[in-house]
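Chemist: Sequence plus predicted model, see below.
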Amino acid sequence: MIMLTKLNNEKIVLNSAQIEAIEIIPESKVIMMNGKFYIVTESAEEIIEKTIAYNGKVHCYRADR
């Protein structure tokens, strides 16, 4: 789960495993596998970094490997 910010500054938490695509419009449009989408202030790169960090915590990835 990653925390993102909608355009009205409302925080939302999304299941990053359900993200299908991210469109840059210039905000980021996060399209979920169920067809719903969320427009957020974070860049695509930030969303990817948050997803990697979350997966690292869940799957115990280590940066020193």
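Modeler: It's in. Because the structure is a prediction, the values reported are computed rather than measured.

Chemist: where along the chain do the helices fall?
Modeler: Ranges of helices in the chain, per DSSP state H, are 44-59.

Chemist: residue ranges with poor pLDDT in it?
Modeler: For the chain, residues meeting the criterion pLDDT under 70 lie at 61-65.

Chemist: Could you pull up the residues touching residue 16?
Modeler: Taking Cβ atoms under 8 Å, 6 or more residues apart in numbering as the criterion, residue 16 is in contact with 1, 2, 47, 50, 51, 54, 55. In short, each C-beta sits where N, CA and C put it, glycine included.

Chemist: Would you map the strands across this protein?
Modeler: In the chain, the strands defined using DSSP state E lie at 2-5, 11-14, 19-24, 28-32, 37-40.

Chemist: how about the fourth one: buried residues?
Modeler: Within strand 28-32, the residues that count as buried by 16 or more other Cβ atoms under 10 Å are 28, 30.

Chemist: Give the partner strands of it in its sheet and their orientations.
Modeler: strand 19-24 (antiparallel), strand 37-40 (antiparallel) (DSSP bridges).

Chemist: any idea how far the most centrally placed residue in the chain lies from residue 10?
Modeler: Among the residues of the chain, residue 47 comes closest to the average C-alpha position under Cα atoms, centre = their mean, at 3.9 Å. Distance of residue 47 to residue 10, given as Cβ to Cβ, to the nearest Å: 16 Å.

Chemist: Same question for residue 1.
Modeler: Distance from residue 1 to residue 10, by Cβ to Cβ: 16 Å.

Chemist: The residue nearest to the centre of the chain is in contact with residue 21, isn't it?
Modeler: No - between residue 47 and residue 21 there is no contact under Cβ atoms under 8 Å: 10.9 Å.
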